[in-house]
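Participant: predicted model, plus sequence, below.
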Amino acid sequence: MKISYFKLATFQQCPLKYRFLYVDWLGKQYRKPRPPMSMGESIHRALRDFFRISNPEDRSLEKFHYLLRKNWIREGFGNRDEERIWGKKALKILERFYRSNDCRVQPLFTELNFEVKIEDLIFVGVVDRIDRLDNGIFQVIEYKTGAKSMTSEEADGDIQLTFYNLAIREKYHFEPIKLTIYFLQSNKQIDTFRTDEQLQEGLREIANIVGKIKGTREFEPQRNQFCPWCDFLEICPIRGEIRIPIKETAYPEDIPF
């Protein structure tokens, strides 16, 4: 069975959403573009292209901003003013990143797609970036563009990082691996490592989730904090229980993005 972290996380969040996505294949039909997703994907693309510039001397802040505009996804915005708000927010995020980091580094990989078999499971996914540090450690970096952060303790137990560590170690035999989550909105970086025992425990946890997926016959809805923004809310049997937040957006002057 092919598994991705997103696939596992979707099932844990809501089995019915998993069914809609991976059994009924309704993702394209019900997909609803939203500003946070468009901004997040645009920033990821800009970071990818920025670190793929071969000459570090050409990695200026102006080039960073150019790559954001070049990769900007114009979906999900209610009007031009709302697009400017999110665009200016993205520019500030990249500027803080640029001024806080050594942007001359040469990553080993950016947006690395992987597919590797571990026991009877096939791990698939995309790693945002992998660096080889001067001390020989391989650093796996996951960018997060959402507002939510996490503690060091939460990062130590994060299944997504464990998933990536297992896959990258198996496919490339990199050792040791430092796992980094970079929260771009808060400009906060959290580093963590996994021992062999933690990786084995993580593999058992992943296999346990897969076992639950395979054993599920009735994919029931599970109410959670993301329900108001679910693409499938209109066809969800518990939609009447979900309170949709009222969107209030204050628009500034017509500032060019």
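Facilitator: Cool, the structure landed.

Participant: what residues are up against Arg52?
Facilitator: Counting by C-beta atoms under 8 Å, 6 or more residues apart in numbering, Arg52 makes contact with Thr110. Where you see a C-beta, it was placed from the backbone N, CA and C, and this is true even at glycine.

Participant: state which strand of this structure is the longest.
Facilitator: strand 121-132 (DSSP state E).

Participant: quick check: mean pLDDT across it?
Facilitator: Strand 121-132 shows a mean pLDDT of 98.

Participant: so how far is it off the chain centroid?
Facilitator: How far strand 121-132 lies from its chain's middle: 12 Å, per C-alpha atoms, centre = their mean, to the nearest Å.

Participant: state the pLDDT value of the nearest residue to Pro176 once chain neighbours are set aside.
Facilitator: Leaving aside its chain neighbours, Pro176 sits nearest to Ile137 (5.5 Å; criterion: C-beta to C-beta, 6 or more residues apart in numbering). Confidence at Ile137, expressed as pLDDT, is 97.

Participant: direction included, what does the longest strand of the chain pair up with?
Facilitator: strand 2-3 (parallel), strand 109-118 (antiparallel), strand 138-144 (antiparallel) (DSSP bridges).

Participant: circling back to that earlier point, look at the residue nearest to Pro176 and say how many residues are nearby.
Facilitator: For Ile137, the neighbour count with other C-beta atoms under 10 Å is 14.

Participant: can you check Gln225 too?
Facilitator: Applying other C-beta under 10 Å, I find that Gln225 has 8 neighbouring residues.

Participant: ok so it is a helix residue?
Facilitator: No. Assignment of Gln225 by DSSP: H, G, I helix; E, B strand; the rest coil gives coil, placing it outside any helix.

Participant: you'd agree the residue nearest to Pro176 is up against Lys178?
Facilitator: Yes. At 5.1 Å, Ile137 and Lys178 qualify as touching, with contact defined as C-beta atoms under 8 Å.

Participant: distance of Val140 relative to Ile181?
Facilitator: According to C-beta to C-beta, to the nearest Å, Val140 and Ile181 sit 10 Å apart.

Participant: one more: Arg45?
Facilitator: 19 Å.

Participant: try Ile213
Facilitator: 25 Å.

Participant: same question, Phe123
Facilitator: According to C-beta to C-beta, Phe123 and Ile181 sit 19 Å apart.

Participant: Asp128 too?
Facilitator: As for Asp128, its distance to Ile181 is 10 Å (criterion: C-beta to C-beta).

Participant: overlap in contacts of those two?
Facilitator: Common contacts of Asp128 and Ile181 (C-beta under 8 Å, 6+ apart): 141-142.

Participant: please identify the deepest-packed of the strands paired with strand 121-132.
Facilitator: By mean neighbour count, with neighbours taken as mean count of other C-beta atoms under 10 Å, strand 138-144 ranks first of the strands paired with strand 121-132 at a mean of 20.

Participant: name the helices or strands packed onto the helix or strand that that strand is followed by?
Facilitator: Going down the chain from strand 138-144, the next helix or strand is helix 152-156, by DSSP states H and E. If you count contacts as 3 or more C-beta pairs under 8 Å, 6 or more residues apart in numbering; DSSP states H and E, helix 152-156 packs onto strand 188-192.

Participant: in the strand it packs on, what counts as buried?
Facilitator: 190, 192 (16 or more other C-beta atoms under 10 Å).

Participant: can you tell me the centre-most residue of the protein?
Facilitator: Lys144 (5.6 Å; C-alpha atoms, centre = their mean).

Participant: is it correct that that one is in contact with Ser186?
Facilitator: No. Assessed by C-beta under 8 Å, Lys144 is found out of contact with Ser186, at 9.3 Å.
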